Structures are given as structure tokens and as C-alpha cells.
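A.B. asks: what follows is a predicted structure for the sequence shown.
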Amino acid sequence: MTGWVYPDRNRMDDTMAPSTLPTATALDTARLVLGVLLPTIAKGPIIRRPKVVGLFSRLELDSRSMDIVRDVHSRYPAGPLMLKLPIRKQAIALAPEDANTVLAQSPEPFSPASSEKKAALSHFQPHNVLISRGPVRTVRRALQEQVLDTGHPVHHLADTFVPVVEEEMQQLLAEAVRSGSLPWDDFLDAWYRVVRRVVFGDHARDDKELTAMIIRLRRDGNWAFLKPVRRKTRERFLQRIGEELATAEPGSLAAVMAGARKGEGAEPIHQVPQWLFAFDPAGMATFRALCVLATHPEALADARREVDEDTSGRRLLPYLRASVLESLRLWPTTPMILRQSTRPVQWEDGLMPEDCGVLVYAPYFHRDERSLRSAHNFAPDRWLTEEDDGWPLVPFSDGPVVCPGKQLVLLLTSAALAALVDGHDFAVEKGQALDPARPLPGTMDNYSVHLGVTPRA
């Protein structure tokens, strides 16, 4: 099933009038809004709210959301489904082929710059590529791809970045062994040090003020339209970014950005905050993968075997990259992929209007046991084969607007996992236990986890 642009809406007459897409009843719309959209927003679309994530984990609310989508889909099998909302044209892609079409035909006619996303991200990066349209988006995307080495699995600065990851993980491990525990907050502090050094250089390692500024602005971003922008804080934050680019340290992403080719309207300062933003959920995915490896002996053995046999200097670790991808499949850090139609789009089952929001709810596709082997279990091998090709497993989105930093994220996260599991054993001492003999939970509360750490015998 494919979507295509309606040829000329101004020339339609009564004989040409297209049918409209299937529309959910008021009751089904309410179920999707109250049981899927609002709960997902409540967890924090831009930065997670730990207490809400903990509540979701205890009540298994994410699993309930997936059940609601499955039930609605069973009654509306054809085409994207329009929701009956009073002030917003909104559709949800329920069939895998429809989700693939939306992602493949982005940014035109399905723009990633949806109204909701623009309202949220404008709190800290109002001219970022993610919320840009038209020619300027092309310029900003090209700049991101240059700096992030989008087309290469190993970034050209990997020889600088991987030792940074190794150094920070070893310091983290030393502190965890001394204290006997590795909680999420300690891991996150170490991960932020990695991020600052990769983005700005070693001098920024302990610049917690910069991290605190974007965290504050991201918390505001959770409220999107409902909270005014802290313009002075945003201005100060972007000024700091500009200063870093002006004095960029060699061997950092900032230095690559400073020396990159820039088209008109590139706004390099506004492209950098997205790296700080996106590396945060990457750390979450890494810690969650570590928790799974700590509780899944066979997977841990496979990971250690790869590390022992590695000849790439931990630059290319397929199994550990797959482990991060599998963590993101099981617990997507971007559960709602948003698009907005830039013009009317004709589908097989009806016409989607212009300026219509389109939602791809990733957890529904990622956990579909009717079509995926081991849908609720940790199975990294799925990412090393072609068995699920064509199915919308989209931890980094997909299509022309796939996350440009995907390969760099996988480089850093897999290197972190390699450093952690190579010489140490882990056990979940507090928080959510993960049983390899049972389906993994729909929500992973990494905030409550404390890992016991001991040197590997």
C-alpha cells in the first residue's frame, strides 16, 4: 500500500472527488489518545520524567498501550487511520507498509517538522534541521551528514573518540568497584563526560553547567506549546555553543563543524544542540543493554567473545552494535515518530489532507509477536541477518531522514559496552530484574537500577 501526492486538488470536480481515509470512532480515538498518546507524552518526549517511567514500569502501561493499538488496528485494517479530533488533523499508521511509506516519503510530502516537534525543540534549537523545511533543510541536513560521517560505520575521528569512551568507562568501573554498586546516575555522569569530550573536546569534560542548561531547556521542551520559551537561557546556551565553535578543539565534532562546508542558512550553532540531546537517550540504551547482558549469560558470552576476537580496535563491533539496537527495539527512546503532510496525499484507501499529523508508534511494530521472532526477548542476531528486512524496526527512524548520527552513536555505545563487559561482571542488585526465560517488560525503568560490579575472574 503506497501513498502519493494528489495531482491537482484545485482541479478536482465531483467525479474526481477522492474518498477520505478511514476515521476512528470517537470511542476509539479516545482510547488512542488517553491510552497511547497522552501516556507516552507523560513519560517525557524530550527528556524522561523518572517517576513517571517508574510508574509505567510498575503498571506495565506501555504494554497496555501496545494492546490498544493492536485492538484498534484489528478493526481498521486498511490505510492510515484518521482520528476524530476537534482541533487537529491527525492520523496514525497502523499497517507496516503504511509506516514504511511515511518514512520513505519524508521529508516530502511527510515532513519531520511537525507542529508538535517544532514547539518542543524550539525551546533549545529553533533552527535545527529536524524542524526545518524546504531548501534550508537540505543545507542543514548536508552539514549534519558531513560532520557526523553519516555514510560510514566508523567515524573518521574514531581513533580519538574510542579512547575517550574507554578512559571514562574505566574510571566509572573503578569507582563502582570501590563502592560496590553502579547506579544509573553514576553511569549517566560518566556518559555525559564522554559526550562533552566528543562534541567539544577534553577541555569540556567537566563542564556540567552546559549540560545543566540543555537539561533545563529540554524539560521545558516536554511542555511544547504549553510553556513559554526561556529566551534568555536559550540565548545564553546558544552563545556558549557559538563560543565553543569559535575556539573548537582539534579532534572534536565542534572542530569538524567549524571546518565544514556550509551553505546559506546552515545555522551551525543550532545544529549542535541536537547532538547533546540525542546522545542522552543513547546512554540510556547503553545502560539498558548492559542490564540485559548482566542477566542473559548466553548473550554476555557472545559479547565477550566478540571483544576477545576484535581486530578493529573496538571501532566495529557488530554484535555489540546489534545489542544496542535490540535495546532500542525493546524500549524505544523515540516511541512516537512524528510527521506532518505538506500537501494532500492520496492513499489507496482515501485522501489524507494537508497539514495532517502522522504518527508511527514504534513500540507497536517493534513488539509485534505475530510477525517477529522473539518479539519480547533479547535477540541481537536479528540485526545481523535479513530476516526482518522490510519490517518497520525503526530505532533511529528510517528513510531519507534517518538519524544522521546513527553510526556514530553505535560506534560510541558499542565501545562503551565493550569496555564495561570485558573485565567486569554485573548483577542487578536493585530495581527491575530481567529474566531471560520470560518475556521482557514493556517498560524498562533504568532509573531505579543498581548494578553490582566485580572484577571478572
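C.D. replies: Thanks, I have it. Numbering: from 1, shown residues only.
A.B. asks: right, and residue 290 touches residue 419 too?
C.D. replies: No. Contact between residue 290 and residue 419 fails when scored by C-beta atoms under 8 Å: they sit 10.7 Å apart. Where C-beta positions appear, they are placed from N, C-alpha and C, glycine not excepted.
A.B. asks: so where's the stretch 1-150 of the chain uncertain?
C.D. replies: Counting by pLDDT under 70, the low-confidence segments of the stretch 1-150 of the chain come to 1-18.
A.B. asks: can you show me the helices along it?
C.D. replies: Per DSSP state H, counting those that start in this stretch, the stretch 1-150 of the chain carries helices over the ranges 26-32, 38-43, 50-59, 61-75, 96-104, 115-121, 135-148.
A.B. asks: quick one, what contacts the closest residue in space to residue 270 that isn't next to it in sequence?
C.D. replies: Computed as C-beta to C-beta, 6 or more residues apart in numbering, the closest residue to residue 270 that is not its neighbour in sequence is residue 127, at 3.9 Å. With contact set as C-beta atoms under 8 Å, 6 or more residues apart in numbering, residue 127 has these partners: 140, 267, 270.
A.B. asks: could you pull out the strands for this structure?
C.D. replies: Counting by DSSP state E, the chain has strands at residues 3-5, 81-82, 90-92, 110-111, 182-183, 336-341, 345-347, 350-352, 357-361, 424-430, 450-455.
A.B. asks: tabulate those (CSV), appending distance to residue 300 and mean neighbour count.
C.D. replies: Converted to CSV, the strands of the chain look like this (distance: least, C-beta to C-beta, whole Å; neighbours: other C-beta atoms under 10 Å):
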stretch, distance to residue 300, mean neighbour count
strand 3-5, 43, 17
strand 81-82, 41, 24
strand 90-92, 38, 25
strand 110-111, 40, 24
strand 182-183, 15, 22
strand 336-341, 31, 23
strand 345-347, 45, 22
strand 350-352, 46, 21
strand 357-361, 31, 25
strand 424-430, 9, 16
strand 450-455, 13, 17
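A.B. asks: okay, those in JSON lines with distance to residue 263 next?
C.D. replies: Written out in JSON lines, the entries for those read as follows (distance: least, C-beta to C-beta, whole Å):
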{"stretch": "strand 3-5", "distance to residue 263": "26"}
{"stretch": "strand 81-82", "distance to residue 263": "37"}
{"stretch": "strand 90-92", "distance to residue 263": "33"}
{"stretch": "strand 110-111", "distance to residue 263": "19"}
{"stretch": "strand 182-183", "distance to residue 263": "44"}
{"stretch": "strand 336-341", "distance to residue 263": "24"}
{"stretch": "strand 345-347", "distance to residue 263": "28"}
{"stretch": "strand 350-352", "distance to residue 263": "31"}
{"stretch": "strand 357-361", "distance to residue 263": "28"}
{"stretch": "strand 424-430", "distance to residue 263": "46"}
{"stretch": "strand 450-455", "distance to residue 263": "46"}
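A.B. asks: if we can go back for a sec, how near is the residue nearest to residue 270 to residue 175?
C.D. replies: Computed as C-beta to C-beta, to the nearest Å, the residue 127 to residue 175 distance reads 39 Å.
A.B. asks: now, which of the contacts of residue 127 sits nearest residue 367?
C.D. replies: Proximity to residue 367 was ranked across the contacts of residue 127 by C-beta to C-beta; first place goes to residue 140, at 33.3 Å.
A.B. asks: which residue packs closest to that closest one, ignoring adjacent ones?
C.D. replies: Nearest to residue 140 is residue 129, by C-beta to C-beta, 6+ apart, at 3.7 Å.
A.B. asks: for residue 258, same thing?
C.D. replies: Sequence neighbours aside, residue 248 is the residue nearest to residue 258 in space, at 4.3 Å (criterion: C-beta to C-beta, 6+ apart).
A.B. asks: what's the burial count for the closest residue to residue 260 other than its chain neighbours?
C.D. replies: Counting by C-beta to C-beta, 6+ apart, the nearest residue to residue 260 once its immediate chain neighbours are dropped is residue 146, at 4.7 Å. The number of residues packed near residue 146 is 16, by other C-beta atoms under 10 Å.
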